[in-house]
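Engineer: after the sequence you'll find the predicted model.
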Amino acid sequence: MLSKVLQYITKGLFVAVAIKQHIITLEFEEEGEKVDRRKVAFVTGASRGIGRACAISLAKAGYDVAVSARTMVDGTAYLDDGETPVPGGLDTTVESINAAGREGLPIKMDLLDRQSVLQAADTALNHFGRIDVLLNNAIYQGTGSMLTIEALEDKYLKQLFEGNVFAQIALIRHLLPSFISQGGATIVNMISATAFTNPPGKIGSGGWGVGYAMTKSAFERIAPLLMIEHGEEGIVTYNIDPGHVVTERQKAKRKEKEYTAFPSAPPEAIGAAVAWLVEDPEAPAEYGGTVVNAQRETKRRDLLPGWPE
């Protein structure tokens, strides 16, 4: 993605359009006054965990951030038992985005409700006028993710594919025309090593369900093919492998130590990697369309001072 600068003068208004990587920055000068058009990111599944950390990191990198999830207010989410609380809500994520000096827009979205997915995209686009970065982070975490083959009924498998593959494709397909018309965008898909790694044990002993792994394998294929199809139109894609991340949900389930066979990281380490990836002008040539190991890059580039200890 070659950088270029287009300049033109019209009716006394000087406009500089800088296309760096594929993210467009507009600077308007009229009578000595300069106004910067802010970059915009849309992060799904941002009420807690990796999504929340990524949204905050992007805000600190200069992005206004639309964030979506089912949980709008902290203190209103529970595990499947209906009793164990899970911290986090879009309200606290937006507070942190605002504290970074950027605008946060909370949007309710349910991956199993296709209309809500498309409406969330329209809400973000209509509010900010553009989206420069789309981070597909949200996943379906209901029944089926941790079932064995013999227990994985068709209805559960269909829900997994709807929440982990079909909803994300629908979101990309819905936003792609606007991405192309604005000159490009970055699409980051949060995948999982389960897409290409065998578990070290059975479910409950460091392993995972076959249905979850199947959906992540399918999801991993989107980014490289999308960049091949639309790279010349400014679309840059990445797959992020976050590795094992200790989130609020894992802590609520008391399973933060279950996956000891894999290196572990806090959500902020993944957020730091995402912010670096979408901002580095050299990243598309080196990593575009590929899988980026978030923990490795954060360590190698010292993106999160103090981690690992």
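Structural biologist: Structure's in. What do you need? Numbering: from 1, shown residues only.

Engineer: look at the residue nearest in space to the middle of the chain and give its secondary structure.
Structural biologist: Nearest to the geometric centre of the chain sits residue 135, at 2.5 Å (C-alpha atoms, centre = their mean). Under DSSP: H, G, I helix; E, B strand; the rest coil, residue 135 falls in the strand class.

Engineer: residue contacts, it?
Structural biologist: For residue 135, the contact set (C-beta atoms under 8 Å, 6 or more residues apart in numbering) comprises 41, 42, 43, 44, 51, 54, 58, 188, 190, 274. C-beta here means a position set from N, CA and C on the backbone, and glycine is covered the same way.

Engineer: and the fourth one, what does it touch?
Structural biologist: To tie it back to what came earlier, the one meant is residue 44. So residue 44 contacts 51, 67, 68, 69, 109, 120, 135, 136, 137, 138, 171 (C-beta under 8 Å, 6+ apart).

Engineer: same thing but 6 Å
Structural biologist: Each residue near residue 44 by C-beta atoms under 6 Å, 6 or more residues apart in numbering is listed here: 68, 136, 137, 138.

Engineer: please name the nearest non-neighbouring residue to it.
Structural biologist: Closest residue to residue 44 apart from its sequence neighbours, by C-beta to C-beta, 6 or more residues apart in numbering: residue 138 at 3.8 Å.

Engineer: got the contact list for that neighbour?
Structural biologist: 44, 45, 111.

Engineer: quick check: it vs residue 112, distance?
Structural biologist: Applying C-beta to C-beta, to the nearest Å, the value for residue 138 to residue 112 is 11 Å.

Engineer: one more: residue 84?
Structural biologist: Residue 84 is 22 Å from residue 112, by C-beta to C-beta.

Engineer: same check on residue 156?
Structural biologist: Counting by C-beta to C-beta, the gap from residue 156 to residue 112 is 12 Å.

Engineer: gap between the residue nearest to residue 48 when sequence neighbours are not counted and residue 247?
Structural biologist: Residue nearest to residue 48 in three dimensions, not counting chain neighbours: residue 88, with 2.8 Å by C-beta to C-beta, 6+ apart. Residue 88 sits 9 Å away from residue 247, going by C-beta to C-beta.

Engineer: more neighbours: these two, which one.
Structural biologist: residue 88 (25 against 22; other C-beta atoms under 10 Å).

Engineer: and the helix or strand hosting residue 159, C-alpha only, in PDB?
Structural biologist: In the assignment (DSSP states H and E), residue 159 maps to helix 154-161. Only the C-alpha atoms of helix 154-161 are listed here, as PDB (Å, rounded to 0.1, in the frame of the first residue of the first chain):
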ATOM      1  CA  ASP A 154     -26.700 -29.900  14.800                       C
ATOM      2  CA  LYS A 155     -28.600 -27.100  16.600                       C
ATOM      3  CA  TYR A 156     -25.500 -26.200  18.600                       C
ATOM      4  CA  LEU A 157     -23.200 -26.400  15.600                       C
ATOM      5  CA  LYS A 158     -25.400 -24.100  13.700                       C
ATOM      6  CA  GLN A 159     -25.300 -21.600  16.500                       C
ATOM      7  CA  LEU A 160     -21.500 -21.800  16.700                       C
ATOM      8  CA  PHE A 161     -21.200 -21.100  13.000                       C
END
